[in-house]
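>>> predicted structure and sequence below. I'll ask about it afterward.
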Amino acid sequence: MSDFVQNDRHLREVLIFFFDSKKTATSAHRELRKVYGDAALSDTTCRDWLRRFKDGVFDVDDRLHERKPKTFEDTGLEALLDEDPYQAQPELSSALVVTRQAIFKRLRALEMTQKQGTC
């Protein structure tokens with residue numbers, strides 16, 4: 001019996017073989033399922049990796065998630081809103097260097113959201 005331990009990196013390398021063989025993501029996924037069963041990559045993951053290979057990115061190592069989403073203090077948001085309570089969320093997100101979704105969530109938590117066009 002083999003001592004080989006299958007891992008995601010190995011499966012991604014197998015996907016390079018399928019990419020070079022001009023297989024579609026669906027057929028590559030089907031072949032992986034035949035060999036690896038439930039340990040195979042999902043169809044969506046196969047599509048994502050084959051798209052990367054098509055774009056010329058053949059690095060199969062896991063990406064390091066070096067940055068976690070930036071958080072901010074409500075005081076900074078409140079200070080900006082004290083200056084101008086009618087600032088749009090994109091302006092606030094640019095000023096605080098966070099996503100618009102983060103601004104929306106904080107405004108909602110502070111019960112400070114309003115629908116567009118209402119006062």
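In hand now; what should we look at?
>>> which of the residues in the lowest-mean-pLDDT helix or strand in the chain are classified as buried?
Lowest by mean pLDDT, DSSP states H and E among the helices and strands of the chain is helix 100-109, with a mean of 83. For helix 100-109, burial by neighbour count (16 or more other Cβ atoms under 10 Å) applies to A102, I103, R106, L107. C-betas here are computed from N, CA, C, even on glycine.
>>> low pLDDT regions in the chain?
Residue ranges of the chain with pLDDT under 70: 1-5, 64-72, 113-119.
>>> all helices for it, in order.
Applying DSSP state H to the chain gives helices spanning 8-20, 25-36, 43-54, 74-83, 89-96, 100-109.
>>> to D62, which of the ones you listed lies closest?
When the helices of the chain are compared by Cβ to Cβ, helix 8-20 sits nearest D62, at 7.3 Å.
>>> helix 43-54 and that closest one, what's the angle between them?
If you take axes from the mean of the first three to the mean of the last three Cα atoms, to 10 degrees, helix 8-20 sits at 60 degrees to helix 43-54.
>>> that older thread, using JSON lines, lay out the helices of the chain together with distance to V60.
Shown next, in JSON lines, are these (distance: least, Cβ to Cβ, whole Å):
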{"stretch": "helix 8-20", "distance to V60": "4"}
{"stretch": "helix 25-36", "distance to V60": "14"}
{"stretch": "helix 43-54", "distance to V60": "8"}
{"stretch": "helix 74-83", "distance to V60": "40"}
{"stretch": "helix 89-96", "distance to V60": "34"}
{"stretch": "helix 100-109", "distance to V60": "30"}
